[in-house]
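Q: got a sequence here, can you model it:
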Amino acid sequence: MRKQKMPYGAKVAMEPAALKLYYRCSEQGTARFEACALEAQLAYSLPADFEAEDTEVCRTFGHPVELRFELPGPNGAPSPKVGTAVVSFDGEVLAVVIEAQTELLVEYCAVTLRHAFSGDEQVLLNGYQSWTDTVERPAWGRMRGLKGVPSQLVERFVLDGGGDYAIVDYSARRGRQHGFTYATFRRQDGMVLVGSLDESRGFTLVKTDAAAGTVMLETECPASALSPGQAIEFGRYGIARGTMKGCYDRWFNLMGISARKAKPLVGYTSWYRHYGEIDEAKLNDDLDGVAGFFKCDVRKDLSGVQKVFQIDDGYCKVGDWLDVDSAKFPSGLRPLAGRIRAEGFLPGIWLAPFVCEEDSRLFRERPEWLLRDAAGDPVATGSQWSRGFALDTRNVDVRSYILEVLDTVVREWGFGLLKLDFLYAACMLPHGGLNRGELMADAVSLLRKGAGEKTLLLGCGVPLASVFGKFEYCRIGCDVGLDWDDLPHMRMLHRERISTKNSLSNTYGRAPLDGRAFGNDPDVFFLRDDVRLTPAQRDELLFADADLGSVFLTSDDMGQWPAAMRERYYKALDIVLERMSQSSR
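A: Numbers count the residues shown, from 1 in each chain. Predicted coordinates:
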């Protein structure tokens, strides 16, 4: 058999080098433990005669190695023993387990990997949530965060509400960058992917330090103490090597996760045409236009996609989901959902189930439902609407209310697609005995329970790994704007800001998640002339959405498109249909 040249990723060790723990013993105080130079003990190697039949997946070889470390008491006292740390590695899966001998509260757990960064290496670190910028950067790049933004602006507009700014220290130093859940390291066509294999027990912070040659994995610890005799896996990570496709395939295989079966969405959403200024008459007019557009051309076989008409924000105060504005929707939403179905579209609706705005009845009448910080103040999620606030998703009454809302929207009103937004509100801060990752996993399970298995769910503003394999679709970038990249001073703000340029960059950066984790939602495209985008920018947005995503929506008045715009749309739609055809073969 002819030997093939191994891709870059197969030749890079990405070796576990150190384990660091901080923990508190119930009656003995706080202790620290660090094990260094693990690479010599956990070393593995590729056989000298290794021959790759398929460089798409370049697997590692070697036997699992397990190391056990006795955890000392406070001040390094060897006795009494408080627990054991077990580190295992087989060249591909790295796991850390803590076995408690006494009541043990682990406050910090980090594994350091050794990695030789190169000057031409590109690093992608997955951003905190849907909107956070996620692009390949030079290994020696830097992340500014909110440094330089006046604190008065941060506080007034809650610029730190939707990101990781309260969780991570942005040093702004060259070569020190971070992300969550996974990271890729690419040189030309070869790649190494390092990723958490389970975020339901705590989010994993991935930190790179190019100068030190390290990649650090810090997974959230349980919010409660371990009992004597209890053993918990604090982190399980995968290291995949090979091509981009091979790395992502292997990572999802190690996680045991696959995307839920669902057709690509094609159609219309009201947001970027009307924003919050919707009403019954406007949406009926929009539906006339969209339905007429698809009826006027029957050349396309659309059986492989799901046509959708989605109603976005503006039908009620945020939080008061069942109090539909009767002045704007005198007939309510049920008849409109019925008409959407009658026209051959799946009716969709927007909800932000874990948020309420300050002007809502819920905010005024149910203060005990609000999530509160250590000072007892409501936790703000952002400056949208009249200012948004997080609900306590561990509150029994809040959970009952969310289930009631979902039951009403799906089973009484008849909506089959729910766009669930601002979901990060569920994990603003650890509470109720759960860390952020556990809170988000719990909240996602609550949503699926309420919506049912047959309802299509589209997540937005959510830490992505929490909906891997749980939702049919997920937004993978920030909102597009009606221009390319906003005004210069706005570009200095948070990583989640509105930007067509940044949204498109995320479409490219997170493209490998499409069809593996869920169907990617890259946000809408524009063909209409009243947006401040050049023809080339509109084309790039249109064809990137068609080629790399599974949600292909616009907010244009499709019925008013002239012939040239229609033909442009059909050309992009052909790409969506061809991709669907290939995936079903």
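Q: mind listing the strands for the stretch 351-500 of the chain?
A: Secondary structure of the stretch 351-500 of the chain, counting by DSSP state E, counting those that start in this stretch: strands at 355-357, 380-382, 388-390, 417-420, 456-459, 473-475.
Q: want to throw these into a markdown table with distance to residue 23, mean neighbour count and mean pLDDT?
A: C-beta: built from backbone N, CA, C; applies to glycine. As requested, those are exported to a markdown table (distance: least, Cβ to Cβ, whole Å; neighbours: other Cβ atoms under 10 Å; pLDDT from 0 to 100):
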| stretch | distance to residue 23 | mean neighbour count | mean pLDDT |
| --- | --- | --- | --- |
| strand 355-357 | 35 | 25 | 98 |
| strand 380-382 | 32 | 23 | 97 |
| strand 388-390 | 30 | 27 | 98 |
| strand 417-420 | 37 | 25 | 98 |
| strand 456-459 | 34 | 24 | 98 |
| strand 473-475 | 35 | 28 | 98 |
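Q: nearest to residue 258, of these?
A: With Cβ to Cβ as the criterion, residue 258 lies closest to strand 473-475 of those, at 14.4 Å.
Q: which residues touch residue 14?
A: Residues near residue 14 by Cβ atoms under 8 Å, 6 or more residues apart in numbering: 113, 114, 115, 185, 192, 194, 215, 239, 241.
Q: mind listing the helices in the stretch 101-250 of the chain by residue range?
A: Taking DSSP state H, counting those that start in this stretch as the test, the helices found in the stretch 101-250 of the chain are 151-157, 244-255.
Q: quick one: mean pLDDT over the longest one.
A: Spelled out, that is helix 244-255. Confidence over helix 244-255 (mean pLDDT, whole number) is 97.
Q: show me what that helix is packed against.
A: strand 182-187, strand 190-196, strand 231-242 (3 or more Cβ pairs under 8 Å, 6 or more residues apart in numbering; DSSP states H and E).
Q: most packed of those?
A: Stretch with highest mean neighbour count among the helices and strands packed on helix 244-255: strand 190-196 (a mean of 25; mean count of other Cβ atoms under 10 Å).
Q: and the gap between the residue nearest to the spatial centre of the chain and residue 519?
A: In the chain, the centroid-proximal residue (Cα atoms, centre = their mean) is residue 464; its distance is 1.9 Å. According to Cβ to Cβ, to the nearest Å, residue 464 stands 13 Å off from residue 519.
Q: bridged to the nearest residue to residue 381 once chain neighbours are set aside, which residues?
A: Computed as Cβ to Cβ, 6 or more residues apart in numbering, the closest residue to residue 381 that is not its neighbour in sequence is residue 388, at 4.3 Å. With DSSP bridges as the criterion, residue 388 is bridged to residue 357, residue 382.
Q: list the contacts of residue 388.
A: Residues in contact with residue 388 (Cβ under 8 Å, 6+ apart) are 158, 161, 318, 352, 355-358, 380-382, 422, 425.
Q: again, only this time at 6 Å
A: Applying Cβ atoms under 6 Å, 6 or more residues apart in numbering to residue 388 gives the contacts 355, 357, 381, 382.
Q: ok, the last one touching residue 157?
A: No - shown here, residue 382 and residue 157 do not form a contact pair, counting by Cβ atoms under 6 Å, at 7.9 Å.
Q: tell me the contacts of residue 501?
A: 484, 485.
Q: contacts for the helix or strand of the chain with the lowest mean pLDDT?
A: Of the helices and strands making up the chain, the lowest-confidence element is strand 29-35, at a mean of 87, by mean pLDDT, DSSP states H and E. By Cβ under 6 Å, 6+ apart, the residues outside strand 29-35 that reach it are 19, 20, 21, 22, 23, 24, 69, 71, 73, 74.
Q: now do 8 Å
A: 18-25, 67, 69, 71-76, 82, 85, 87, 107.
Q: with stretch 267-274 instead?
A: With contact meaning Cβ under 8 Å, 6+ apart, stretch 267-274 is reached by 278, 282-283, 286, 290, 307-314, 345, 348, 350, 419, 480, 482, 524, 526, 552-558.
Q: filter those down to the buried ones, PyMOL style.
A: Selection of the buried residues among those in PyMOL, burial being defined by 16 or more other Cβ atoms under 10 Å:
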select buried, resi 278+283+286+290+307+308+309+310+311+312+313+314+345+348+350+419+480+524+526+552+553+554+555+556+557+558
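Q: what about the contacts of stretch 267-274, which are in helices?
A: Judged by DSSP state H, helices contain the following of these: 282, 283, 286, 290.
Q: farthest-separated two in those residues?
A: Using Cβ to Cβ, the ones in helices among the contacts of stretch 267-274 span at most 12.6 Å, a distance reached by 282 and 290.
Q: run a quick neighbour tally on the closest residue to residue 539 other than its chain neighbours.
A: Using Cβ to Cβ, 6+ apart and skipping residues adjacent in sequence, the residue nearest residue 539 is residue 568, 7.6 Å away. Neighbour count for residue 568, taken as other Cβ atoms under 10 Å: 18.
Q: is it true that residue 568 touches residue 542?
A: Yes - with contact defined as Cβ atoms under 8 Å, residue 568 reaches residue 542; the gap is 6.8 Å.
Q: for the residue nearest to residue 539, helix, strand, or coil?
A: Applying DSSP: H, G, I helix; E, B strand; the rest coil to residue 568 yields a three-state assignment of helix.
Q: for residue 522, see how far away it is.
A: For residue 568 relative to residue 522 (Cβ to Cβ), the value is 17 Å.
Q: what pLDDT does the model give the closest residue to residue 118 other than its chain neighbours?
A: Leaving aside its sequence neighbours, residue 118 sits nearest to residue 187 (Cβ to Cβ, 6+ apart; 6.4 Å). Among the per-residue scores, residue 187 shows a pLDDT of 89.
Q: residues touching residue 187, list them.
A: Applying Cβ under 8 Å, 6+ apart to residue 187 gives the contacts 8, 118, 120, 121, 122.
Q: give me the phi and psi for the third one.
A: Same thing as residue 120. Main-chain dihedrals, residue 120, degrees, to the nearest 10: phi -100, psi 10.
Q: that one: what's it in contact with?
A: Residue 120 sits next to residue 187 when contact means Cβ under 8 Å, 6+ apart.
Q: same thing but 6 Å
A: Per Cβ under 6 Å, 6+ apart, neighbours of residue 120: none.
Q: pLDDT and distance to residue 229 for the ones in helices among the contacts of stretch 267-274 - can I get that in a markdown table?
A: Converted to a markdown table, the ones in helices among the contacts of stretch 267-274 look like this (pLDDT from 0 to 100; distance: Cβ to Cβ, whole Å):
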| residue | pLDDT | distance to residue 229 |
| --- | --- | --- |
| 282 | 98 | 63 |
| 283 | 98 | 60 |
| 286 | 98 | 62 |
| 290 | 97 | 61 |
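Q: turn the residues you listed into CSV, including distance to residue 399.
A: Listed next are the ones in helices among the contacts of stretch 267-274 as CSV, based on distance: Cβ to Cβ, whole Å:
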residue, distance to residue 399
282, 34
283, 31
286, 34
290, 36
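Q: of those, closest to residue 136?
A: Of these, the one sitting nearest to residue 136 (Cβ to Cβ) turns out to be residue 290, at 36.4 Å.
Q: surely that closest one and residue 558 touch.
A: Yes - contact criterion Cβ under 6 Å: residue 290 and residue 558 qualify, at 5.1 Å.
Q: any weak-confidence spans in the stretch 51-200 of the chain?
A: The model of the stretch 51-200 of the chain has pLDDT under 70 over residues 51-63, 76-79.
Q: go again with 80.
A: Applying pLDDT under 80 to the stretch 51-200 of the chain flags the ranges 51-64, 75-81, 189.
Q: and the stretch 401-550 of the chain, by the same measure?
A: 489.
Q: mind checking how far the least confident helix or strand of the chain is from the chain centre?
A: Taking Cα atoms, centre = their mean, to the nearest Å, one finds the center of strand 29-35 at 33 Å from the center of the full chain.
Q: next, the angle from the helix or strand that that strand is followed by to strand 29-35.
A: Using DSSP states H and E, the helix or strand that follows strand 29-35 in sequence is strand 65-71. Angle, strand 65-71 to strand 29-35, by axes from the mean of the first three to the mean of the last three Cα atoms, to 10 degrees: 150 degrees.
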